[in-house]
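In: All I have is the shape, not the residue letters:
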């Protein structure tokens, strides 16, 4: 989808390496909204998904700032 392509391209621009797509399962607003409104959605965030919701979950300022760059780049691509 254009949404996924925009995020992959943005990740390549910011990190210089391919993104590893992960299919996350679980309950979130995204799951409900994507089904209800039949629109593409993507979840993106910095850090290791293997540490999500564990006592070891952490994030560096550098990762946080790069994630902002990725989202800005992807949204700019989608809006242009």
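Out: Ah, there it is. Predicted model, so just to flag it, every value in this text is computed and none were measured.
In: Give me the pLDDT value at the most centrally placed residue in the chain.
Out: Here the mean C-alpha position of the chain is nearest to the C-alpha of residue 44 (Cα atoms, centre = their mean), at a distance of 1.3 Å. On the pLDDT scale, residue 44 is placed at 84.
In: do residue 18 as well
Out: Reading off the confidence values, residue 18 has pLDDT 71.
In: wait, it sits on residue 12?
Out: Yes - the pair residue 18 / residue 12 is scored as a contact, 6.6 Å apart, by Cβ atoms under 8 Å. Just so you know, the C-beta spots here come from the backbone N, C-alpha and C atoms, and that holds for glycine as well.
In: So which of those two has more stuff around it?
Out: A side-by-side neighbour count of residue 18 and residue 12, using other Cβ atoms under 10 Å, places residue 12 first with 14 against 9.
In: does the more buried one count as helix, strand or coil?
Out: Using DSSP: H, G, I helix; E, B strand; the rest coil, the structure places residue 12 in helix.
In: re earlier: for residue 53, see how far away the residue nearest to the centre of the chain is.
Out: 17 Å (Cβ to Cβ, to the nearest Å).
In: Let me see the residues that make contact with the lowest-mean-pLDDT helix or strand in the chain.
Out: Considering only helices and strands, the least confidently modelled element of the chain by mean pLDDT, DSSP states H and E is helix 29-37, at a mean of 85. With contact meaning Cβ atoms under 8 Å, 6 or more residues apart in numbering, helix 29-37 is reached by 39, 40, 41, 43.
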